[in-house]
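# got a sequence here, can you model it:
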Amino acid sequence: MVSGMIYRWRLVGLLCLLSGCSTLHDADVGRAEEGLVSDNQAASVASRGQGRRSRLNTYMSCAVTAFDAMASSPRTLALQASTEATVCTKAWLNAAVQEHPQWQQGMATVGGTTVEVILRDASPNLAIKFRIITSDQVPMHMYWGARKTRPGFGVPVVLLSQRCSGRPVCSLLPPSGVARSATAWLEPSTEGAVPRLVLAHAVRTKGVYTGYNFWPLAEDSSAFYAAALGHSPIRRLSVWNLLGGREMGRRAGVYLLEDYDPNKRTLVMVHGLGSSPVTWARLSNAIWADSELRANYQIWQVVYETNEPILVGRHRVERYLDKAWETLDPQGIAPARRNIVLLGHSMGGAISRLLMVQSHDKVWKAAFNAPVSALSGNTEDIRALEGMFRLAPYPGVKRGIFLASPHQGSPTAGSFIGRVADRLIGRRSPELAALRRVAIKNEGAVPAALKHHFLEGNINSITTLRSDQPVMAAARELQVSDCTPFHTIAGHKAGSSPPGDGVVPLESAILPGAASNLVIESSHNVHEQDAAIAEVIRILHLEIEENDDLGAAKS
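Predicted structure coming up:
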């Protein structure tokens, strides 16, 4: 039985050789041991001049017969077969996706042959219909060319669909669509009828058994995010938002990049002024490539309007997080909710720190000369102001990481460029409208230095980065609890005056009481530098070591 199966595999291999799908020689067995697949072989297969249908059938026969041979003994022959199965599957996929742009679980006819599409450990958030993109076809521009892969059996692919609708969790998925990593292979049906195209989750599925042989799956952890955001307008929208564009506000909120896991730590990324979540691409790529971090953390990215004052931004990020938890963990019992790490760059770092402090009445007294109970006006307006000027640590935050963050303000905000930006940046938030209405009704309770700003609603993100802004000066004096460690990473640009990254001085970015401080040679985009990424990776591992009671699965 086995000898016949091996004979058929070798025969199909010969047919492949004649049509350009060359089998491996003995010299390739060592590379096959690592599960490596030759892209040149796959490209050669895809480029031959047979008709598409004929080629598809040849590749299918090659992949399915080689999969059968993966159960053989000796191991060296099984290794050859596993590599051949991967090569032929890739060749089949490259041709099949051109003919069949939309896929779904169930029966499909490709090249005149019926194949059963099987989703294994699939994302519940993937729509019924999806596209298949082989991962090596996804450009790595956003990662500066760094593709993170793990060798193994099968073809890494991206499954890409529209965002779902009709369920609360859908609002927490990126508007650009749902992208999920998978590993593909072709195998014979257990009933011997229709061959199968298996699309398995590379992490949850882990591998496949053939006989007594176990084959860990190949994985490309970079491609899914790059495929999802490769054509997203969010970078352009983030800049336009500063000048009054409204589309960023419509997209504001918390977004999950992978399926929610109640047992993983939650890493919340908060971008900076005029930026977007795309700015975290290199760091996210490094985290996903680290098997321990990927097993223990889920990345949440925050989108918010950066033209608003910092305290407005903080209040909104808090609301976005609340909404996400109300959707995902309404009972408030998930370990993920009790184990949050905040990670912020630039203004996002300043907001993250303000999510970790207790103000009592200190900030309120800097904004008003009267207690809340003494103010007249709309109840909702006053409640909104309390949310902005009375700060409390966000529940569940275990650690903070701040990169190039202007905790003590930025001299750039008071410069000529800062003043020009101040005039351009839009001022239309409902929070500022509420502040203006309350200030008009309670003008005597507003400090003289703030009357013009409060009565006119003349405040924005640039204004609140100035070191002489009274309300923010009070907020900057607030200290993070000794029970919650935080870390600062700052940049130093040669020749900068004052010393710093050219935007944020070191004296503003480095905070006393930090569990660690790191200064690297860099301009303001510190978070994209290798040294800073390595430091964040170190800190995330440290959090696991110091609080290793979560029970998340290790891989």
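# count the residues that sit near residue 430.
Close neighbours of residue 430, defined as other Cβ atoms under 10 Å, add up to 11. All C-beta spots, glycine's among them, are computed from the backbone N, C-alpha and C.
# same check, this time on the one 4 residues further on
Taking other Cβ under 10 Å as the neighbour definition, residue 434 ends up with a count of 21.
# quick one: it from residue 380, how far?
According to Cβ to Cβ, to the nearest Å, residue 434 stands 7 Å off from residue 380.
# also residue 528?
Residue 528 sits 41 Å away from residue 380, going by Cβ to Cβ.
# now do the phi/psi pair for the spatially most central residue of the chain.
By Cα atoms, centre = their mean, the mean C-alpha position of the chain lies nearest to residue 257, the distance being 4.7 Å. Main-chain torsions, residue 257, degrees, to the nearest 10: phi -90, psi -20.
# pLDDT value on the nearest residue to residue 56 once chain neighbours are set aside, please?
Nearest residue to residue 56, sequence neighbours excluded (Cβ to Cβ, 6 or more residues apart in numbering): residue 111, at 3.1 Å. At residue 111, the predicted lDDT confidence score is 85.
# residue 433 too?
On pLDDT, residue 433 comes in at 86.
# go on, residue 75?
For residue 75, the pLDDT comes out at 88.
# I'd say it and residue 211 touch.
No. Look at residue 75 against residue 211 with Cβ atoms under 8 Å: they stay out of range, at 10.9 Å.
# which one's more surrounded, residue 528 and residue 380?
Legend: neighbour count by other Cβ under 10 Å for residue 528 and residue 380, higher for residue 528 (18 against 10).
# wait, the more buried one touches residue 279, no?
Yes. With contact defined as Cβ under 8 Å, residue 528 counts as touching residue 279 (7.5 Å).
# before we move on, the earlier item: how about the residue nearest to the centre of the chain, what does it touch?
By Cβ atoms under 8 Å, 6 or more residues apart in numbering, residue 257 lies in contact with 174, 225, 284, 298-301.
# measure it to residue 226 for me?
Per Cβ to Cβ, residue 257 is found 12 Å from residue 226.
# check residue 284 too.
Distance, residue 284 to residue 226, using Cβ to Cβ: 10 Å.
# kindly list the longest strand within the protein.
Counting by DSSP state E, the longest strand found in the chain is strand 178-187.
# tell me what it is packed against?
Here strand 178-187 touches helix 52-69, helix 75-99, strand 155-161, strand 196-200, helix 202-205, strand 219-220, helix 223-229, going by 3 or more Cβ pairs under 8 Å, 6 or more residues apart in numbering; DSSP states H and E.
# and the contacts of residue 257, which of them are in helices?
225, 284 (DSSP state H).
# need the max-distance pair from the contacts of residue 257.
The distance between the two most remote of the contacts of residue 257 (Cβ to Cβ) is 14.3 Å, for 174 and 298.
# residues near residue 327, how many?
Residues lying near residue 327 (other Cβ under 10 Å) number 16.
# that one belongs to a helix, doesn't it?
Yes. Counting by DSSP: H, G, I helix; E, B strand; the rest coil, residue 327 is part of a helix.
# for it, which non-adjacent residue is closest in space?
residue 168 (4.6 Å).
# kindly report the same for residue 311.
residue 388 (4.7 Å).
# could you verify that that neighbour is part of a helix?
Yes. Under three-state DSSP, residue 388 falls within a helix.
# touching, it and residue 312? I think so.
Yes. Residue 388 lies in contact with residue 312 (Cβ under 8 Å); the separation is 6.2 Å.
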